[in-house]
Every structure is written in structure tokens, then in C-alpha cells.
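In: fold the stuff below for me.
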Amino acid sequence: MSERKRGRSRRRLKRLLLKVALVYLVLYSVLMALPPIPVGSGAGVSSNIVYKEAYYCINIDNATLYLLPESVKPITIPVYAYFYTGNRTLKYEIASINYVNNVTFYDNIGGSCVALSMSESNLTLNTGLRILIDLPGYYLAPMPPTAIASLGNGSYIILFHQPGYSTLYTTLTIAMGDPTITVVNNMSYEAVADVHAVSTNGSTLQKYLYLRPHAEEFTNLFGNYTSITLDTRLKMIFLTARVSDNEILLSLRDNYIIVALVLTTILLVPAILAGTRKPGSR
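Out: The predicted structure is shown next:
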């Protein structure tokens, strides 16, 4: 083959490979963006988190008093948190307001942490938590939350407001003490559980639990953690699937290597063979 023909052949191969590469990138991007596909029930994989105590750390950012004590002298007004846990009501003093005569607004009041057992901590914030500013000379009911906004990782901003009484802006952080995470795999495939925990100081911890079929594994975390999430994946021969909300979800994003190999086989290999074929040959 002459040098001119070899040059044309190389240019034709380059143009063909460029076109195929563009098609490859487009198809790969589209496939990676496809949503996961449910392929079965994930009820065979379960997890459980057990902890010794839960810590409810309440900080009162500011308070406005509409009802004032009948005192001209500075006094200390206690602030109580009420926890309604089933048939029990727990009361804890979490802060105090240094009252000054006729001053209605107070900020940077402070707060404290309350330790509850696991059974006691299983409460709903809307109905299970209330705050009382114990004004002397008045018999007042604890205030339920008016609005709750989640900040993520177990932290909340909670507004307590009662007309004619007071308004409180508080920050709540809930932490689990020394939690134990247990994962049970009753499936016929191997599984990997990715445990991701966030501690009260903002640091993160990641652990992996490797589970054989019909096996159970656990891990103990030491310290206080505001958030614990699990990402469980099943090893289904050559594919990887995730378990979420009792469903097995197959995502092409989790199997990007397989997708890349299949696309390469379908697109690039035939293109290379076609580009290297001699002109006029069949």
C-alpha cells in the first residue's frame, strides 16, 4: 500500500473513531442519568440501631417576654423542658433568665443537655417536647413547638410562641450515645453495608460491614453521633444493586465499569475493525 493510501486510511480511521467516541460519550451520559430500576424485594436485608442514651441538647438563643413578673428587683427565672414519653412526663431545668425589671428581650440565654434512655427518647418533637418559662406568681402551661426546621444531622431550629406569654427561639441537637449498628443479610447474595456516622463535633466516621449470604454483622461506635446512615449494596454476580426502602434497585451508575465495557464492545471494536479494513474489501 502506498504512503498516500495509508495516510487516507489513517485519516478515515481517526474520523470514524472521533464520531464513535462522541456517540459513546452521549450514550454513556444518558445511561448514567437513568433512574434506578426496581428488580425485587429487599426485605431480606434489615438493619437496627441501638444506643445506650440519647442526648437532647437544647440551647435558647433568645426569648421575648410579654408577661412580666411582678418584681422590681432582679430575679432568676428558671426555664424547664418537658418530655412526654408515653405515659411518663419528664421535667428538666435547662436554663435560666436573669430578669431585669421591665426588660422584655433576652438573648444568649444558654441551655443544657438532657440524657434520655432509648425508650424515653422515642418521641415526636411536635407533641413530645414543650418549654416552660416559670414566671413567679403565674401558673402557666408548657408551650408546644410552633414551628420546627431541620438543619440536618440531628439539629433543629424550634420556635415556641404563645401570644401574651412569650416567644422563644431555640436550637436542638439530638445525639445517640455509643450506638451499635446491626445488619442482617437473609439474601442469597453477598452484601456490603456502608455505615456513615456524624459525631457531635462535626467529624465523620465511615465503616464497612461485609456480609455473606444469610449472615449478620454488627459494629460498635464509641462517642455521641447525631446522624447514622446505611448504604447497603448487593453483589449480584457481575452487577451491584442497592437496597432502599425494602426494594432492590439496579442502577447503571453503580455498574459503570460494566456499562463502559459493553459500550466499548458494541461501538468501538466494530469501528476499529471497519476503519482498518482495506478499501473495497468485504
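
In: show me the shaky parts of the stretch 1-150 of the chain.
Out: Per-residue confidence for the stretch 1-150 of the chain (pLDDT under 70) gives these ranges: 1-10, 12-13, 16-17.

In: so which residues of it form helices?
Out: 3-33, 125-128 (DSSP state H, counting those that start in this stretch).

In: does residue 159 sit in a helix, a strand or a coil?
Out: Three-state assignment for residue 159 (DSSP: H, G, I helix; E, B strand; the rest coil): strand.

In: count the neighbours of it for me.
Out: 14 (other Cβ atoms under 10 Å). (Each C-beta comes from the backbone N, C-alpha and C, glycine too.)

In: that one pairs with what?
Out: residue 147, residue 169 (DSSP bridges).

In: quick check: it touching residue 172?
Out: No. With contact defined as Cβ atoms under 8 Å, residue 159 does not reach residue 172; the gap is 11.3 Å.

In: care to break the chain down by domain?
Out: 9-35+251-282, 40-50+179-249, 53-176 (automatic domain parsing).

In: now the residue most central in space within the chain, nearest residue through space, not along the chain?
Out: By Cα atoms, centre = their mean, the chain has its centre lying nearest to residue 229, at 5.8 Å. Spatial nearest neighbour of residue 229, chain neighbours left out: residue 196 (5.0 Å); criterion: Cβ to Cβ, 6 or more residues apart in numbering.

In: before we move on, what SS does that neighbour have?
Out: Secondary structure state of residue 196, per three-state DSSP, is strand.

In: just give the number of residues close to residue 167.
Out: Count around residue 167 with other Cβ under 10 Å applied: 17.

In: the residue nearest to residue 229 contacts residue 228, doesn't it?
Out: Yes. Between residue 196 and residue 228 there is a contact under Cβ under 8 Å: 7.4 Å.

In: more neighbours: which of those two?
Out: A count of neighbours by other Cβ under 10 Å puts residue 228 above the other of residue 196 and residue 228, at 18 against 13.

In: how much space separates that one from residue 106?
Out: 36 Å (Cβ to Cβ, to the nearest Å).

In: list the helices and strands the helix or strand containing residue 242 packs on?
Out: Here residue 242 is covered by strand 239-244, with elements defined by DSSP states H and E. Counting contacts by 3 or more Cβ pairs under 8 Å, 6 or more residues apart in numbering; DSSP states H and E, strand 239-244 is packed against strand 224-236, strand 247-250.

In: tilt between it and strand 224-236?
Out: Angle, strand 239-244 to strand 224-236, by axes from the mean of the first three to the mean of the last three Cα atoms, to 10 degrees: 140 degrees.

In: name the residues of strand 239-244 that are buried.
Out: For strand 239-244, the neighbour count (16 or more other Cβ atoms under 10 Å) marks 240-243 as buried.

In: quick one: residue 60 and residue 95 touch, right?
Out: Yes. Contact criterion Cβ under 8 Å: residue 60 and residue 95 qualify, at 5.2 Å.

In: residues contacting residue 229?
Out: When contacts are counted by Cβ atoms under 8 Å, 6 or more residues apart in numbering, residue 229 touches 195-197.

In: of the residues you listed, closest to residue 206?
Out: residue 196 (5.4 Å; Cβ to Cβ).

In: tell me the contacts of the closest residue to residue 190 other than its chain neighbours?
Out: Nearest residue to residue 190 in three dimensions, chain neighbours excluded: residue 235, at 4.4 Å (Cβ to Cβ, 6+ apart). By Cβ under 8 Å, 6+ apart, the residues touching residue 235 are 189-192.
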